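Q: Here's my sequence, what's the structure:
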Amino acid sequence: MLYSATINVMVKAARRAGRSLKRDLGEIEHLQVSLKGPANFVSLADKRAEEILYQDLAKARPGYGFIGEEGGAREGTDKSHTWIVDPLDGTTNFLHGIPQFAISIGLAREGTVIAGVIYNPANDELYIAERGKGAFLNDQRLRVAGRRQLSECVVACGLPHIGRGDHEEFRREMMAIQDRVAGLRRFGAASLDLAFVAAGRLDGYWERDLQSWDIAAGMLMVREAGGTISDIATPGDPLVTGHVVCGNEYVHGELVKILRKPA
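A: Residues are numbered from 1 along each chain as shown. Below you'll find the predicted structure:
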């Protein structure tokens, strides 16, 4: 596949940071781990990967802004372009040796995400999307699944943990959807959940209280694979609200109906 120069920059950075994470995955017992908050771990691996990504992206595109989970916002001289980066989505999985984690890189132009890369170094799966040019997994074109019966669908969700989110609200939503679908899954890495919807592995996905770096690349991935993605309760932008629901047009619509129904 021939990708744009921007995508090639993103892929090169993701692969270099991925090599660092893969080395650290083999040394989990020796990692120095600190607590960022209740059940919200941050490790040296996160910080090391983010610094690699920042250095590579800044070298290739001087002046672009950078928003990273660990380092926060770093303003650039180019006010129209911003990298939105999660150096290690699925940190808890990573720290338990579960190979479901990813590097997520989105590029926003004037607030609109125009390119995205999601890379899982544990299995070398590389997801790529560029606005108007489609979505790909290791050079294979992606399309969302075509199922039109919720009873045949497998749907993923986020699961609020200790100190995070509205547990009662989630239980209501889970019970309502659980009664309608073939299966529910909780994998623990939002970027990969979105990538799995784009790849047709999952039929739908919803989660609340996410950050822009969790979903910037994945939102574009779903849309470029023919899917529909929105805020859960309002017409707002999930990148701003942090609440997301997606699937093909039919599945998205059915999930929205369930999730927006008054308790």
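Q: CA atoms only: put stretch 175-191 into PDB for me.
A: Output of stretch 175-191 as PDB, limited to C-alpha atoms (Å, rounded to 0.1, in the frame of the first residue of the first chain):
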ATOM      1  CA  MET A 175     -28.800  -5.100  31.500                       C
ATOM      2  CA  ALA A 176     -30.900  -3.300  28.800                       C
ATOM      3  CA  ILE A 177     -28.400  -4.200  26.100                       C
ATOM      4  CA  GLN A 178     -27.600  -7.700  27.500                       C
ATOM      5  CA  ASP A 179     -31.200  -8.700  26.900                       C
ATOM      6  CA  ARG A 180     -30.900  -7.900  23.200                       C
ATOM      7  CA  VAL A 181     -27.500  -9.100  22.000                       C
ATOM      8  CA  ALA A 182     -25.700 -12.300  21.300                       C
ATOM      9  CA  GLY A 183     -22.800 -11.300  23.500                       C
ATOM     10  CA  LEU A 184     -21.100  -8.500  25.500                       C
ATOM     11  CA  ARG A 185     -17.400  -8.000  25.700                       C
ATOM     12  CA  ARG A 186     -15.100  -5.800  27.800                       C
ATOM     13  CA  PHE A 187     -11.500  -5.700  26.500                       C
ATOM     14  CA  GLY A 188     -10.100  -2.700  28.300                       C
ATOM     15  CA  ALA A 189      -8.600  -0.600  25.500                       C
ATOM     16  CA  ALA A 190     -11.000   1.900  23.800                       C
ATOM     17  CA  SER A 191      -8.800   2.400  20.800                       C
END
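Q: Looking at it now, give me its mean pLDDT.
A: What stretch 175-191 shows for mean pLDDT is 97.
Q: Buried residues in that stretch, which are they?
A: For stretch 175-191, burial by neighbour count (16 or more other Cβ atoms under 10 Å) applies to Ile177, Val181, Phe187, Gly188, Ala189, Ala190, Ser191. Backbone N, C-alpha and C define where each C-beta goes, glycine included.
Q: And the first one, how far from Leu259?
A: So the one you mean is Ile177. 8 Å (Cβ to Cβ, to the nearest Å).
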